[in-house]
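S.K.: test case, fold it:
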Amino acid sequence: MNFFCNPPEDLENSMPVEPMRLQSIGEQQSALKDLLSELIDTHPTKLKAEEKHKLRDTYRQILLNVTYNSIRGVYTAIPRGKESFDSGSYWKSIGLTYRFTIAALNRLKNDGYILQHTGFYNAQAGFGRLTRIYGLEKLSERINAPIIGEFLQFQDDDDVETLVLKGFGYEKTTLSENHPDIARLKAINEFLKDYFWQQKGPMRLVYSDGPIKGGRVYSRFQNMPKDLRADLKINGVPTVELDFKANHLMMLISLSGMRAPEDPYLTIANIANLSRAKVKTFINTSLSAASATVAFNACKRSQINQQLFNALEEATLTAFPNIKLYSGLGVFLQSLEGQIALDIMVEGVNHNIPVLPVHDSFITTVGNEEWLLRQMLLHWQQHLGTTHKTKVEKKG
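M.R.: Purely as a prediction, here's the structure:
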């Protein structure tokens, strides 16, 4: 019997591998131990004792993550590129190496334990197009997945503040405890300890390009399938999710001194005579890309050819001539979102209201919808330094 959900169609419904552990459950985890021993004992090449231990740990981390996520209908994300495991990377920090990760992924796929969608490029620090893996029925039955899933814990869940520093050479300990981001993150996680929701985990702040630009807030529940997230409850209370509409483009338009229309994606779409979805893909890609060539190569994966790309570029600059495309501003805009998110969540702490971020949207309990709307509009304007208004929509 397969105890895993069917794999979601959207590969973005994924969570990166995190350090996990099992509570002591004695003989109930014997099936997992037997599988690990079999994988090590039948490894195709001879291994030293230390190498066997390292490979076993790699298998264990991958299998625990795959089990936890597959039960919940979420892919597990992990890199296959060698540079992703360089010294100082996130993956290296959680004990993974290129050699044993690739060996484990290949073996689990070939033996029919996992489904694997291989990532197609490496990005800085290995957080680009990650490989997605998912447990198959053979694994579910072999390890007694319901028992394993019931006793899984995340090793970092006791942290009151959690940072991921990628893209630059700082160590976590070099940031002062008085750093404003650290202080806010600590207060938020302390407050949220008394609240419970699906796939609960600590809020993490991921810095992408140094502490000056700030970080983006992540938590493992964010990549739950959207239909499941719509039913999310906090301490048993139904929730509502409010979303900043076209947030990156809205922020960029405001920063350029212009007043944004109701839906800037639709404004561009009407000029280009193309779909809103095509415009969104073009904008999100072009704001992060360092050049038009890089942006076009990324857009090709979404069936945007050169003619469509040129039309989208022309329509965007016709509608909003002051914004800059291909300037790598995506990281800056994500960081700005992160600062807005931290401030909104701290306001929640101050008012005893739980707030959970999903990048450019926020979740709270239904009775606090109007309060959350006011906070989102207020902090957006404060961080943008503008009196221009943005658009917030209710999801679902």
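S.K.: isn't Gly149 right up against Thr67?
M.R.: Yes. With contacts counted by C-beta atoms under 8 Å, Gly149 reaches Thr67, the gap being 5.7 Å. C-beta: built from backbone N, CA, C; applies to glycine.
S.K.: what about the residue with the largest distance to the centre of the chain, which helix or strand?
M.R.: Using C-alpha atoms, centre = their mean, the residue of the chain lying farthest from its centre is Lys46. It sits 37.2 Å away. According to DSSP states H and E, Lys46 maps onto no helix or strand at all.
S.K.: distance of it from Ile40?
M.R.: Counting by C-beta to C-beta, to the nearest Å, the gap from Lys46 to Ile40 is 12 Å.
S.K.: what's the answer for Leu115, then?
M.R.: Distance from Leu115 to Ile40, by C-beta to C-beta: 23 Å.
S.K.: and those two? Which one has more around it.
M.R.: Between Leu115 and Ile40, counted using other C-beta atoms under 10 Å, Leu115 has the larger neighbour count: 18 against 15.
S.K.: contacts for the one helix or strand that one maps to, please.
M.R.: Applying DSSP H and E as the criterion places Leu115 in strand 114-117. Strand 114-117 has contacts (C-beta atoms under 8 Å, 6 or more residues apart in numbering) with 7, 11, 66, 75, 105, 108-109, 131-136, 139.
S.K.: reformat these as a markdown table; add pLDDT and neighbour count.
M.R.: Output for the contacts of strand 114-117, formatted as a markdown table (pLDDT from 0 to 100; neighbours: other C-beta atoms under 10 Å):
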| residue | pLDDT | neighbour count |
| --- | --- | --- |
| Pro7 | 91 | 19 |
| Leu11 | 76 | 16 |
| Val66 | 96 | 28 |
| Tyr75 | 89 | 26 |
| Leu105 | 98 | 21 |
| Leu108 | 98 | 23 |
| Lys109 | 97 | 15 |
| Thr131 | 90 | 21 |
| Arg132 | 92 | 22 |
| Ile133 | 96 | 27 |
| Tyr134 | 97 | 23 |
| Gly135 | 97 | 29 |
| Leu136 | 97 | 21 |
| Leu139 | 97 | 24 |
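S.K.: in the record's domain split, what are the boundaries for this structure?
M.R.: Domain ranges of the chain: 14-153, 159-246+331-394, 259-321, per automatic domain parsing.
S.K.: worst average pLDDT in those?
M.R.: Lowest mean pLDDT within those: domain 159-246+331-394, at a mean of 82.
S.K.: for the stretch 151-300 of the chain, which segments are assigned as strands?
M.R.: 152-154, 162-165, 204-207, 215-218, 233-234, 237-244 (DSSP state E, counting those that start in this stretch).
S.K.: right, and Phe151 touches Leu22 too?
M.R.: Yes. With contact defined as C-beta under 8 Å, Phe151 and Leu22 form a contacting pair (5.4 Å).
S.K.: which phi and psi does the residue farthest from the centre of the chain have?
M.R.: Dihedral pair for Lys46: phi -70, psi 140, per degrees, to the nearest 10.
S.K.: likewise for the one 3 residues further on?
M.R.: Geometry field for Ala49 lists phi and psi as phi -60, psi -40, criterion degrees, to the nearest 10.
S.K.: count the neighbours of Trp197 for me.
M.R.: 21.
S.K.: ok, Ala311 to Leu317 distance?
M.R.: Distance from Ala311 to Leu317, by C-beta to C-beta: 11 Å.
S.K.: contacts only, for Gly149.
M.R.: Contacts of Gly149 (C-beta under 8 Å, 6+ apart): 3, 67-68, 71.
S.K.: how does it look with 10 Å?
M.R.: 3-4, 64, 67-72, 140, 143 (C-beta atoms under 10 Å, 6 or more residues apart in numbering).
S.K.: and the two most separated of those residues?
M.R.: Distance extremes for these: the farthest pair is Arg72 and Ile143 at 16.0 Å, using C-beta to C-beta.
S.K.: quick one, which of those two is more surrounded?
M.R.: Shown here are Arg72 and Ile143; by other C-beta under 10 Å, Ile143 has more neighbours (26 against 19).
S.K.: identify the residues contacting that one.
M.R.: Counting by C-beta under 10 Å, 6+ apart, Ile143 makes contact with 3, 29-36, 63-64, 66-67, 113, 135, 149.
S.K.: if any of the residues you listed are buried, put those into a PyMOL selection.
M.R.: The following PyMOL line selects those of the contacts of Ile143 that are buried, judged by 16 or more other C-beta atoms under 10 Å:
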select buried, resi 3+29+31+32+35+36+63+64+66+67+113+135+149
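S.K.: quick check: Thr387 vs Leu378, distance?
M.R.: Distance from Thr387 to Leu378, by C-beta to C-beta: 12 Å.
S.K.: between these two, who's got more neighbours?
M.R.: The residue with more neighbours, out of Thr387 and Leu378, is Leu378; 14 against 8, by other C-beta under 10 Å.
S.K.: which parts of whichever helix or strand the more buried one is part of are buried?
M.R.: Assigned by DSSP H and E, Leu378 belongs to helix 369-384. Buried residues in helix 369-384, defined by neighbour count with 16+ other C-beta under 10 Å: 372-373, 375-377, 379-381, 384.
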